[in-house]
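Asks: Provided below are the primary sequence and the corresponding predicted coordinates.
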Amino acid sequence: MTVPVKEYSSAQPGAPVLSGSIGSALALLRACLVDGFGLKTCSAVDVVGGIATATLPAGHSFLVGSPVLIAGATPVELNGEFRVLTSGATTITFACAGVVDGAASGTITAKVPSAGWQELFAGTVSNVICLKPSVVEASGCVLRVDDTGTTNARVRAYESMSSASAGIGPTPLDGQVSGGGYWPKSSAAGATARAWRLVADAQGMWLAVDPAGTGRFTLLWAGDIDSLKSGDAYGYVLTCNEADQANAATVPDGCCGYSHRSARGGAYVVRAYTAIGQSTAVQRIGAHHTGPTADAYAGTAGYAFGTYPNGPNNGLMTASLELFSLGIRGTLPGLQHPVQNCASTFASGAVVDGTDDFAGKKLTAIRVAPPSGAVVAGTVFIDTTGPWVR
């Protein structure tokens, strides 16, 4: 089996460390999207009633909800990707319906699997990585990350690339953001670790970074959108800051925890829906953003729909973030903006069980805000179960 949406975080033992160091963002992206990490050999795997218990060395990387890739086991039905149900110091459990009870045999390994992307032109340019979803239904666009700086990585998408330094359809264009966009790593150069969270499927990824170590995340997207245009060959969006905002007190340009009715930059689609031309700016507009302020963080008073919980159903009410460019192009997969003021109810990493359209799904909260300053933080939720709709 395959886990359709995979979540990774700096809280996992053995996870890549993001810091103000050259190459740290590249290592994080390669580990989560291409290689996986945390390989361990299991001393035992036992199945009882459709639940497998794997015994592992202490310090393993698997948290509740983490994906795990099992290999080398007999019966072969135990091999594949699963989602961790419980995690202890030296054990994890996962559901394996249909596998007969008993002890598995073989040299069995457990690993945090990658999201299944591919790296192009590996190693040809130092501290540069080019990443492309490998599934045939993907648009085929490539994310290029130049991690030769300390506090920020520079990012661009391309329709296609012929080498690690050349491609067609650069997004954003130099006329939009000279040299490409900025993905923050740390507010200061150095080896101090910063918190991060990455959630990805086979066609797109969310990266949340806390560059100042203040618990205030910048949420960034790269990948195919849920487009309203059938067969949208250019429905690939990259969000990015337009300058170094790793310690900014104002809203980071690329943050998708923010809804705006103004002409704010920081989000680009590789072509307009007409499929003519080049990189085009898109606005991110919360479907229920009707409050008095033109720009608002999700889950704050900028959304004029009362406070959490919603009185009639005692519920958490959310909606998609829409992308506007010559009309509503689509939405960003997996992301939900609360349409009521949640204040500080949900901490980053809090997990909510979905209901109604999200029944059977887990949604992880992320607190979004400028890295520094007094702007009130908002809250977004990412569906970490999937599959994401496209």
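Replies: It's in.
Asks: Mind listing what's buried along stretch 174-187?
Replies: Judged by neighbour count (16 or more other C-beta atoms under 10 Å), stretch 174-187 contains these buried residues: 176-177, 180-187. For every residue, glycine as well, the C-beta is placed using N, CA and C.
Asks: Enumerate every residue touching V17.
Replies: By C-beta atoms under 8 Å, 6 or more residues apart in numbering, the contact set of V17 is 10, 24, 27-28, 191, 193.
Asks: err, E77, not the other one
Replies: E77 sits next to 96, 98-99 when contact means C-beta under 8 Å, 6+ apart.
Asks: which one of the residues you listed is nearest P113?
Replies: Distance to P113 across the contacts of E77 (C-beta to C-beta) is lowest for C96, with 15.8 Å.
Asks: Now do the same contact list for that closest one.
Replies: If you count contacts by C-beta under 8 Å, 6+ apart, then C96 has 47, 50-52, 77-78, 82 around it.
Asks: Next one: it from M161, what distance?
Replies: 40 Å (C-beta to C-beta, to the nearest Å).
Asks: related to what we said a few turns ago, want to throw the contacts of E77 into CSV with pLDDT, secondary structure and distance to V351?
Replies: Putting these into CSV (pLDDT from 0 to 100; DSSP: H, G, I helix; E, B strand; the rest coil; distance: C-beta to C-beta, whole Å) gives the following:
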residue, pLDDT, secondary structure, distance to V351
C96, 97, coil, 22
G98, 94, coil, 27
V99, 96, coil, 27
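Asks: Might you specify the subset of the contacts of V17 located within strands?
Replies: Among these, DSSP state E puts 191, 193 in strands.
Asks: Can I get the contacts of V17 in CSV including pLDDT, neighbour count and distance to M205?
Replies: Shown next, in CSV, are these (pLDDT from 0 to 100; neighbours: other C-beta atoms under 10 Å; distance: C-beta to C-beta, whole Å):
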residue, pLDDT, neighbour count, distance to M205
S10, 98, 17, 15
S24, 98, 23, 17
A27, 98, 18, 15
L28, 98, 26, 11
A191, 98, 10, 25
A193, 98, 17, 20
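Asks: Looking at the contacts of V17, which is nearest L120?
Replies: Using C-beta to C-beta, these come closest to L120 at A27, 17.0 Å.
Asks: Look up the residues forming beta bridges with the residue of the chain positioned farthest from its centre.
Replies: Within the chain, the residue lying farthest from the chain centre (C-alpha atoms, centre = their mean) is G102, at 36.9 Å. Counting by DSSP bridges, G102 is bridged to V47.
Asks: ditto for V145
Replies: Beta-bridge pairing for V145 (DSSP bridges): I129, V155.
Asks: so what's it up against?
Replies: 25-26, 29, 128-131, 153-155, 183.
Asks: repeat that with 6 Å
Replies: 129, 153, 155 (C-beta atoms under 6 Å, 6 or more residues apart in numbering).
Asks: State the distance from it to W183.
Replies: Distance from V145 to W183, by C-beta to C-beta: 7 Å.
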